[in-house]
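**Student:** Give me coordinates for this.
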Amino acid sequence: MPCLLVGPSRGTNAKEEEVGMATEMKSLIGNVLFIVTLCTGMRSAVADPETATVWSDCGNSGKYEYRNGSAFQLNLNNVLESLVRNVYPSGFNTSSIVAEGVNSNDTVYGLVQCRGDLDSSDCKQCASTAEVELVQGCHNTSGFIQLDGCFLRYDNHNFYNDIKSRKSPQISVLCNTDNSSQPQQFTNAVKALLSNVTAQAAQSPKLFAADLVAAPGNLTQTIYSLAQCWRDLSQTSCGSCLTEALSNIFRCQSGAIGAQFGSQNCYLRYEVYEFFNISVSSPPPEESLPVSSERKKTRVFGITLGVVGGGTLGLIAALLITRWNCFSCRKRPEQNSRTRDPEIVSGLRISVTMISLSLVICSPISLPRYKQAL
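**Tutor:** Numbering: from 1, shown residues only. Here you go, the predicted model:
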């Protein structure tokens, strides 16, 4: 933003200049805030972890496909719509349409389960997203999808509370590619934490539990964990599923700072960042403050607001400095004629630096990297 030097005032009203500058700055700040608000909204929408896909499967792919416009598709659409519409307040729902006789192949059973810490808005959003993605990605008579915040499944036979018929290789183990600097101590802490949280979940009425513990050798790091079974299972069946989860999740490399186990029955996960609402953890951390039901439980969203907010202040400050230098040039031409170069150049350098940093802030956030366990 160039700063023009002028000679002595020729009838120019200094008061008018000040009013003009104030109006200019209000408009400038408004535009900056608008741009950063758009940036924040886009990033939080893109990085919303509640609707990120963990894994999915389409049953007997290619063998039992249904035709568009068939009775099965009509029943499936009705079941899925009922599941999503009635998922709250319980965060869990089942629905079915049972056909008889020659039409028995048109039977559809469905189940939806939200993560135990989600509020109504997040749960419904996740269930709706899961419905859309499952229908678009699967045209077989059975299929399921697990997002970070919910699980959705349908099949042409009754699978409720039937863990035996669901024992199969259909499990997923995802490992964070980053490791702790003290792998053995970290793994030992994770094993103790997960043993505790899985035991809590199996005994919980909602078959859900979350817990956290300080990471060994790192005063600033916390390990967060979550275990959950779909609520069509009994507590005994839930315990069996989470036992399988415990035995599989450590297929990840020693010291992995995050991992997820998923199956058609339960879910187990740990991370070194807050990926759930810590108000549901047991016991709650002493240093934490009460968390309202309206709070977004996402680390990414929190980082976005904090960093972009800081960038906004930096950008506005930089622009203020530049504009003030220019105004000073006009107001004090004689003084500025002697010192203009250092002041103007310095102000512009600060502005360019701060604006560059603010633009960088609007670049995508790096999310944790995962790989399938061997």
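
**Student:** neighbours around residue 215, how many?
**Tutor:** 19 (other CB atoms under 10 Å). No exception for glycine: its C-beta is placed from N, CA and C like everyone else's.

**Student:** Next up, the contacts around it.
**Tutor:** Applying CB atoms under 8 Å, 6 or more residues apart in numbering, we find residue 215 in contact with 180, 186, 189, 221, 222, 223, 272.

**Student:** and these, which of them are in strands?
**Tutor:** 222, 223 (DSSP state E).

**Student:** And the strands in this structure?
**Tutor:** 53-57, 92-97, 108-114, 143-147, 150-155, 172-176, 208-214, 222-229, 259-262, 266-271, 370-372.

**Student:** So which of the ones you listed is nearest residue 279?
**Tutor:** strand 208-214 (9.5 Å; CB to CB).

**Student:** Please report the distance of the closest residue to residue 64 other than its chain neighbours from residue 134.
**Tutor:** Using CB to CB, 6 or more residues apart in numbering and skipping the chain neighbours, the partner closest in space to residue 64 is residue 141 (4.4 Å). Plainly put, residue 141 is 13 Å away from residue 134 if you go by CB to CB, to the nearest Å.

**Student:** Pick out whichever of these two has more residues nearby.
**Tutor:** Each of residue 141 and residue 134 has its neighbours counted (other CB under 10 Å); residue 141 has more, 23 against 20.

**Student:** what residue ranges in this protein score low on pLDDT?
**Tutor:** Applying pLDDT under 70 to the chain flags the ranges 1-49, 60-63, 164-169, 281-368, 373-374.

**Student:** what about residue 369, neighbour count?
**Tutor:** Counted with other CB under 10 Å, residue 369 comes out at 10.

**Student:** Excluding covalently adjacent residues, which one is nearest to it?
**Tutor:** In space, and not counting its chain neighbours, residue 369 is closest to residue 177: 4.5 Å by CB to CB, 6+ apart.

**Student:** tell me the contacts of the one you found?
**Tutor:** Per CB under 8 Å, 6+ apart, neighbours of residue 177: 256, 369, 370, 371.

**Student:** Whichever of these end up buried, select them in ChimeraX.
**Tutor:** With 16 or more other CB atoms under 10 Å as the criterion, this ChimeraX line picks the buried residues out of the contacts of residue 177:
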select :256,370
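
**Student:** Out of the contacts of residue 177, the closest to residue 276 would be?
**Tutor:** Relative to residue 276, the closest of the contacts of residue 177 is residue 370; by CB to CB it sits at 17.2 Å.

**Student:** thought that closest one was touching residue 174?
**Tutor:** Yes: the pair residue 370 / residue 174 is scored as a contact, 4.3 Å apart, by CB atoms under 8 Å.

**Student:** Overlap in contacts, the two.
**Tutor:** Joint contacts of residue 370 and residue 174 (CB under 8 Å, 6+ apart) are residue 260.

**Student:** list the buried ones in stretch 117-130?
**Tutor:** Buried positions in stretch 117-130, judged by neighbour count with 16+ other CB under 10 Å: 117, 118, 119, 122, 123, 124, 125, 126, 127, 128, 129, 130.

**Student:** buried subset of the contacts of residue 215?
**Tutor:** Neighbour-count burial (16+ other CB under 10 Å) applied to those gives 180, 186, 189, 222, 223, 272.

**Student:** what's near enough to touch the fourth one?
**Tutor:** Contacts here follow CB under 8 Å, 6+ apart; on that basis residue 222 touches 212, 213, 214, 215, 272, 274, 285.

**Student:** Swap in 10 Å and give it another go.
**Tutor:** Residue 222 makes contacts with 212, 213, 214, 215, 271, 272, 273, 274, 278, 285, 287, as judged by CB atoms under 10 Å, 6 or more residues apart in numbering.
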